[in-house]
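>>> Structure of the sequence below:
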Amino acid sequence: ETGSLLVSEGKISGLGEIPLRPDYDVLHADGLIVCPGFIDLHCHLRQPGAEERETIATGTLAAARGGFTTVCCMPNTSPPIDSRETIDYIKTEAAKNGVVQVLPIGCVTRDRKGEELVDMAALASAGAIAYSDDGSPVSNAKLMRQALEHSRTLGLPVIDHCEDTALSQGGQMNEGLIAQKLGLRGIPAAAEEDWIGRDLSLVQEIPGCHLHIAHVSTAGSVELIRQAKEKGIAFTAEVTPHHLTLTEEAVLEHGTYAKVSPPLR
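Presented below is the predicted three-dimensional model:
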């Protein structure tokens, strides 16, 4: 729909054909698209602990410039987001220096080490909107099962980075012809697909839990997800823009700028 948008005191108050008034400030946006603010479910604000990489101030400013009005920050911080104190710090810093809404994602395990579950209820009470160990997959299936059981009780998702590190360790890019050509150790699709299969098996045994599979990257993973949905297994999954639009061939042109986790396929 083509038309005008009236904003008053920071809120949309009119749409369509809007008569101009002398006191209106007019911003000509011909050819542009107006849409609701985007939500980033997986961002790395790095604060506290790695401010040389990013801060809540710089990360939220970049988000706003890209049209994102809410960001959910992963717990790859130091200390990780495994306590009420860290969540309180992030909320305070976001209120003071952030320019968009910041929602913290708490850890699944203490210090993201995969050895002991956090107090998931306490993190929820403090303001966590989900749980994840970010790039550290929860390898202990018993702990993952317990986390999913708590997710059912608390009504919050567990976001899993699906990677069998025994298969991916030392890998630099997707396993295939390009990795061979460059002399690099590859990361097989099975490192992701086997893990997704494990998680889906757990979900099937815990009705009402909420698993969210992060950044799906292989065709085999998509097929596993499709089959699980057809069986009626309840879960969610996501894919990133770069995994949708790029392939492993980007490594030939861009080198380490095309090195991501999981790798481009």
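>>> Could you tell me which residues make contact with the residue nearest the centre of the chain?
Nearest residue to the geometric centre of the chain (Cα atoms, centre = their mean): residue 42, 2.1 Å. By Cβ atoms under 8 Å, 6 or more residues apart in numbering, residue 42 lies in contact with 72, 74, 159, 214-215, 238. From N, CA and C alone the C-beta is placed, and that goes for glycine too.
>>> How much space separates it from residue 231?
According to Cβ to Cβ, to the nearest Å, residue 42 stands 26 Å off from residue 231.
>>> I figured residue 5 hits residue 15, correct?
Yes. In this structure, residue 5 is within contact of residue 15 by Cβ atoms under 8 Å, at 6.1 Å.
>>> The residue nearest to the centre of the chain: helix or strand, and which one exactly?
Taking DSSP states H and E as the definition, residue 42 sits inside strand 38-43.
>>> That strand: partners in the sheet, and parallel or antiparallel?
With DSSP bridges as the test, strand 38-43 is paired with strand 68-73 (parallel).
>>> contacting residues around the partner strand?
Applying Cβ under 8 Å, 6+ apart, the contact partners of strand 68-73 are 37-45, 56, 59-60, 63, 81, 90, 100-105, 129-130.
>>> In ChimeraX, how would I select the buried members of those residues?
One line in ChimeraX is enough to select the buried ones among these; burial here means 16 or more other Cβ atoms under 10 Å:
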select :40,41,42,43,44,45,56,59,60,63,81,90,100,102,103,104,105,129,130
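>>> Which stretches in the stretch 1-150 of the chain count as strands?
With strands called from DSSP state E, counting those that start in this stretch, the stretch 1-150 of the chain shows them at 4-8, 11-16, 38-43, 68-73, 101-104, 131-132.
>>> now the ones you listed in JSON lines, with mean pLDDT and distance to residue 22?
Below are the strands of the stretch 1-150 of the chain laid out as JSON lines (pLDDT from 0 to 100; distance: least, Cβ to Cβ, whole Å):
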{"stretch": "strand 4-8", "mean pLDDT": "91", "distance to residue 22": "15"}
{"stretch": "strand 11-16", "mean pLDDT": "89", "distance to residue 22": "17"}
{"stretch": "strand 38-43", "mean pLDDT": "97", "distance to residue 22": "34"}
{"stretch": "strand 68-73", "mean pLDDT": "98", "distance to residue 22": "31"}
{"stretch": "strand 101-104", "mean pLDDT": "99", "distance to residue 22": "35"}
{"stretch": "strand 131-132", "mean pLDDT": "99", "distance to residue 22": "52"}
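>>> how about those, which one is nearest residue 262?
strand 38-43 (12.6 Å; Cβ to Cβ).
>>> and that closest one, how far out from the chain's middle?
Put simply, strand 38-43 sits 6 Å off its chain's centre (Cα atoms, centre = their mean, to the nearest Å).
>>> try stretch 193-201
The chain centroid and the centroid of stretch 193-201 are separated by 19 Å under Cα atoms, centre = their mean.
>>> CA atoms of that stretch as CSV?
The C-alpha trace of stretch 193-201 is given here as CSV (Å, rounded to 0.1, in the frame of the first residue of the first chain):
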residue,chain,number,x,y,z
GLU,A,193,22.4,-33.5,11.5
ASP,A,194,23.3,-36.1,14.2
TRP,A,195,22.8,-33.5,16.9
ILE,A,196,19.5,-32.3,15.6
GLY,A,197,18.3,-36.0,15.5
ARG,A,198,19.3,-36.4,19.1
ASP,A,199,17.4,-33.2,20.2
LEU,A,200,14.3,-34.1,18.2
SER,A,201,14.3,-37.6,19.9
